[in-house]
Structures are given as structure tokens and as C-alpha cells.
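Chemist: A predicted structure for the sequence below; I have some questions about it.
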Amino acid sequence: MGQRVPQKRKDDFARQLKAWRADRGLTQREAAEALEVPHATLRNWEIARVSPRSTLRLMLERQMKG
């Protein structure tokens, strides 16, 4: 079984992702393309339904900073 991600961590990532997308004026679909993930995945991350695994999350955070 996989580990459960604490809700606060999901919420923090969701806020960070939304801010990154808003700063760049991207739609969810455009942001998903930029991050190379399905649109539904990005949408679920933004509403904190799910959170990416830690290794993917680190890669995404680096990509969002760059």
C-alpha cells in the first residue's frame, strides 16, 4: 500500500500550483501541457484531491521555479 499524503501538504502544493499557473496566465489545460501531465491530473492536484508522489513533486517544483 502507498503512503497517504497529509492533507496540509496536498493543500500547500495545490496553492503553489495555482499561484504558478496564475502568475503565467495559463489555463489548466495549458499548465498541464507545460508540466507534461494529463489535464485531469492537474485539476485533481489543484483541488487537493490527490498529490503527486514525492519524487514527481520535487521535479514539478523545480520545473515551476524554472
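Modeler: Here it is on my side, so go on. Predicted, not measured: the structure shown is a model, and the values here were computed from it.
Chemist: Counting by contacts, list what the longest helix belonging to the chain packs against.
Modeler: Looking across the chain with DSSP state H, the single longest helix is helix 7-23. Judged by 3 or more CB pairs under 8 Å, 6 or more residues apart in numbering; DSSP states H and E, helix 7-23 is in contact with helix 28-35, helix 39-46, helix 54-65. (Glycine included, C-beta is placed from N, CA and C.)
Chemist: Quick check: which of those is nearest to residue 12?
Modeler: Comparing those against residue 12 with CB to CB, the closest turns out to be helix 54-65 (10.4 Å).
Chemist: Now the closest one: buried residues?
Modeler: Across helix 54-65, burial judged by 16 or more other CB atoms under 10 Å covers 57, 60, 64.
Chemist: contacting residues around residue 34?
Modeler: Neighbouring residues of residue 34 by CB atoms under 8 Å, 6 or more residues apart in numbering: residue 26.
Chemist: quick one: it and residue 20, what's the gap?
Modeler: Note on residue 34: its distance to residue 20, by CB to CB, to the nearest Å, is 10 Å.
Chemist: likewise residue 53?
Modeler: For residue 53, the distance to residue 20 (CB to CB) stands at 19 Å.
Chemist: More neighbours: which of those two?
Modeler: Neighbour tally, residue 53 and residue 20, criterion other CB atoms under 10 Å: the higher count belongs to residue 20, 18 against 12.
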